[in-house]
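Peer 1: Give me the fold of what follows.
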Amino acid sequence: MNIRLPDGMRERIRQNAAENRRSMNSEIVHYLDFALDAQDAKGAVETAISPRPNTATS
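Peer 2: Numbers count the residues shown, from 1 in each chain. Down below sits the predicted model:
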């Protein structure tokens, strides 16, 4: 599967994968699994408008 990622996202995924000792594929699957679990728990509408998990709020 080929996907297009916004500028910088590939590098962020690569860095996170290295930190978590996972392949980039495993890291992406981890993110998708997290997002799908959140959607199941909250519902699609609330998930769509919620801030990203790593977004700092000040």
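Peer 1: From now on I want contacts and neighbour counts done on CA atoms only, so please keep to that.
Peer 2: Noted.
Peer 1: Quick test: name the residue nearest the centre of the protein.
Peer 2: Geometric centre of the chain, nearest residue: Tyr31, 3.6 Å, by Cα atoms, centre = their mean.
Peer 1: how about the helices in this protein?
Peer 2: 9-19, 24-42, 44-49 (DSSP state H).
Peer 1: Buried by neighbour count: which residues of the second one qualify?
Peer 2: Under the neighbour-count criterion of 16 or more other Cα atoms under 10 Å, helix 24-42 has Met24, Glu27, Ile28, Ala35 buried.
Peer 1: any idea how far the residue nearest to the second one when sequence neighbours are not counted is from Arg10?
Peer 2: To tie it back to what came earlier, the one meant is Glu27. What sits nearest to Glu27 in space, not counting adjacent residues and going by Cα to Cα, 6 or more residues apart in numbering, is Ala17, at 5.5 Å. Ala17 sits at a distance of 10 Å from Arg10 (criterion: Cα to Cα, to the nearest Å).
Peer 1: what about these two, which has more around it?
Peer 2: The neighbour count for Ala17 versus Arg10, taken as other Cα atoms under 10 Å, is higher for Ala17 (18 against 13).
Peer 1: For Asn20, grab phi and psi.
Peer 2: Taking degrees, to the nearest 10, you get phi -90, psi 0 for the backbone angles of Asn20.
Peer 1: what about it, neighbour count?
Peer 2: Neighbourhood size, Asn20 [other Cα under 10 Å]: 12.
Peer 1: ok, now how distant is the residue nearest to the centre of the chain from Asn25?
Peer 2: 10 Å.
Peer 1: got it, and Gln15?
Peer 2: Per Cα to Cα, Gln15 is found 13 Å from Asn25.
Peer 1: Next: Arg14.
Peer 2: Arg14 sits 9 Å away from Asn25, taking Cα to Cα as the criterion.
Peer 1: cool, Ala38 as well?
Peer 2: Going from Ala38 to Asn25 by Cα to Cα gives 20 Å.
Peer 1: which one among the buried residues of helix 24-42 gets closest to Met1?
Peer 2: Comparing these against Met1 with Cα to Cα places Ile28 closest, at 12.5 Å.
Peer 1: Tell me who's in contact with that closest one.
Peer 2: If you count contacts by Cα atoms under 8 Å, 6 or more residues apart in numbering, Ile28 has them with Ile13.
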